[in-house]
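> Using only what follows, build the 3D model:
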Amino acid sequence: MDDAPALINDIEDYCRRNGMAESTFGRLSVNDGKFVSRVRAGGRVTTRTVAKVQDFIAETHASSPATKPTAKKSPAKKASKDPRPFRFYDNRQKYLLFVNTCSEKWVIAERVGMELQYLSPQPPALRVFDAGMGDGTVLTRVMRQMHRRFPTAPFFIVGKEISLEDVRLGLEKMPDRFFEHPATVLVVTNLYYTESPWLMPRSVEAASMLNWQEVPLAGSTSYEFDEQIKALQPTLSEGWQVRSSAKTGNPLYERPSVLVLYREDHRFLLDPIIPKPGQNTGNYDLVIASQPYRARMPLEFKASRVVSPLASSLAAGGRMLVIHSHGGDPGLEIIRRVWADEDPFVHNRHDLLKMTKQTLKGTHRDLNYQAYADQRALFRYDMHTLPSEIGESIGTSTLLAAWNAAIYVAQIDDQRVDEAMRGEAYLDATRDVLRERGGLWFNDESFVISRRRL
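Numbering: from 1, shown residues only. Got it, this is the predicted structure:
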């Protein structure tokens, strides 16, 4: 079957609407609890099996009380039906609470810093691509480490981010970076992974709409830079408008945008690296890809639409660090005490590297794929708690923060979360795990793709 992503989308939509675990769906539809995870991982499925799945969805949907005609339909009920697939990372409240209560951003920045020792940047600049700038916490911490190791080298840094709120939060952290390291060109873009390393849309139509803004920052103090960056809010609001894909729910840009920032008093020095439309060649010394895809996305999608294009943008001697959630931690224990069959982390680093090699099909023979041993590839981060918070009595705020972190990392959709929170079992599960483990932590997994030196 060539359209496995479409089948997975149909199954995800069905499970979300009916509050059903994917393993349960597999058992009821084709008598195979691992069916969905196998298809998502790239396993083959026969036409007959696809027909059984589609018949099961159609039959159970038709027999569902929610689909039977009624004498009078409530307008509110009708409006609540949303055919678009759920996009987990658009949930800002969960995201912000997670970022501020867990140390993942800090730990990832330290892990990225380990890669700097292997870089040998060539003039005119050290080139870095952040494949998910987020709120800028990781990038700004990495920039501090870059300045410490390469204090006089010009920096060319591209941050991809489609969320307007994250772009605002990320830019708020940059005035101090321009002050400490004035030889910096910072580029922020909402282009897709297959486009953003080169700062150019792939289609002619999108390229003709490209919103390219170049902003020289006047002055020499953090305050002056901050004032000018704040004044960019109307520009950002216009350039970072998005719509949702009707098929996947992923955000799509309304207009491709590129924002270029640098210090005006360093324009002469930075002129060779200030990008121009259609002239950026990629060639990055470091690519940071931290949580660049949803854990449940098909393996082929992760490899072909994210990892492969980013790897192809590496310069000679360049390195790409990819990080995603791994599981096997107290966070997943909480999830499985509420949803026993939940298996959110379906692909490991070995799966991704193997599929990426197949996707590139020998077109980049100078790439090295480094999975490393678990001792280096796996690392953990913690939820911030005081020793006194985890004891016989655990405060409700601590329990809710831990619960939020667990469902955020496992990417549980709102419908199932709402159903679980109607009772007390989710709090009991969270409390029991915190007591048994003495706290809450999560495991991330990393791997490196590097390009051989010339």
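> Scan this structure for its longest helix.
Taking DSSP state H as the assignment, the helix of the chain that covers the most residues is helix 47-63.
> Enumerate the positions of it that are buried.
Thr49, Val50, Val53, Phe56, Ile57, Thr60 (16 or more other C-beta atoms under 10 Å). The way it works is simple: take the backbone N, C-alpha and C, and place the C-beta from them, glycine included.
> Tell me how many other residues surround the closest residue to Ala4 other than its chain neighbours.
Nearest in space to Ala4, with sequence neighbours left out and distances taken as C-beta to C-beta, 6 or more residues apart in numbering, is Val39 at 5.5 Å. Other residues lying near Val39 total 23 when counted by other C-beta atoms under 10 Å.
> Phi first, then psi, for Val39.
phi -70, psi -40 (degrees, to the nearest 10).
> so what pLDDT did Asp176 get?
Looking at Asp176, its pLDDT reads 97.
> got a list of what it touches?
Contacts for Asp176 (C-beta atoms under 8 Å, 6 or more residues apart in numbering) come out as Thr140, Ser222.
> now it, what's its secondary structure?
With DSSP: H, G, I helix; E, B strand; the rest coil as the basis, Asp176 sits in helix.
> Would you check how far apart it and Lys230 are?
Distance, Asp176 to Lys230, by C-beta to C-beta, to the nearest Å: 14 Å.
> Same question for Pro216.
Pro216 is 16 Å from Lys230, by C-beta to C-beta.
> again, but for Ala401
On the measure of C-beta to C-beta, Ala401 and Lys230 end up 30 Å apart.
> who's more crowded, those two?
Of the pair Ala401 and Lys230, Ala401 is the one with more neighbours under other C-beta under 10 Å, namely 22 against 12.
> Following the helix or strand where Lys105 lies in sequence, what is the next regular element?
Assessed by DSSP states H and E, Lys105 sits inside helix 104-116. Proceeding C-terminally, helix 104-116 gives way to strand 126-130 as the next helix or strand, assigned by DSSP H and E.
> Distance check, the nearest residue in space to Gln228 that is not next to it in sequence against Arg177.
Spatial nearest neighbour of Gln228, excluding adjacent residues (C-beta to C-beta, 6+ apart): Leu217 at 5.4 Å. From Leu217 across to Arg177, the span is 11 Å (C-beta to C-beta).
> With Pro277 instead?
Counting by C-beta to C-beta, the separation of Pro277 from Arg177 is 25 Å.
> Ok, Ile323 next?
Counting by C-beta to C-beta, the gap from Ile323 to Arg177 is 22 Å.
> in this protein, which segments are predicted with low confidence?
Scanning the chain for pLDDT under 70 picks out 1-3, 19, 60-91, 246-249.
> Doesn't Arg380 belong to a helix?
No. Using three-state DSSP, the secondary structure at Arg380 is strand, not a helix.
> So Pro277 and Arg177 - more neighbours on which side?
Per other C-beta under 10 Å, whichever of Pro277 and Arg177 has more neighbours is Arg177, with 22 against 12.
> For the closest residue to that one other than its chain neighbours, the count of nearby residues, please.
Leaving aside its chain neighbours, Arg177 sits nearest to Met143 (5.2 Å; criterion: C-beta to C-beta, 6+ apart). Counted with other C-beta under 10 Å, the neighbours of Met143 add up to 24.
> you'd agree Met143 is in a helix?
Yes. Met143: assigned to a helix according to three-state DSSP.
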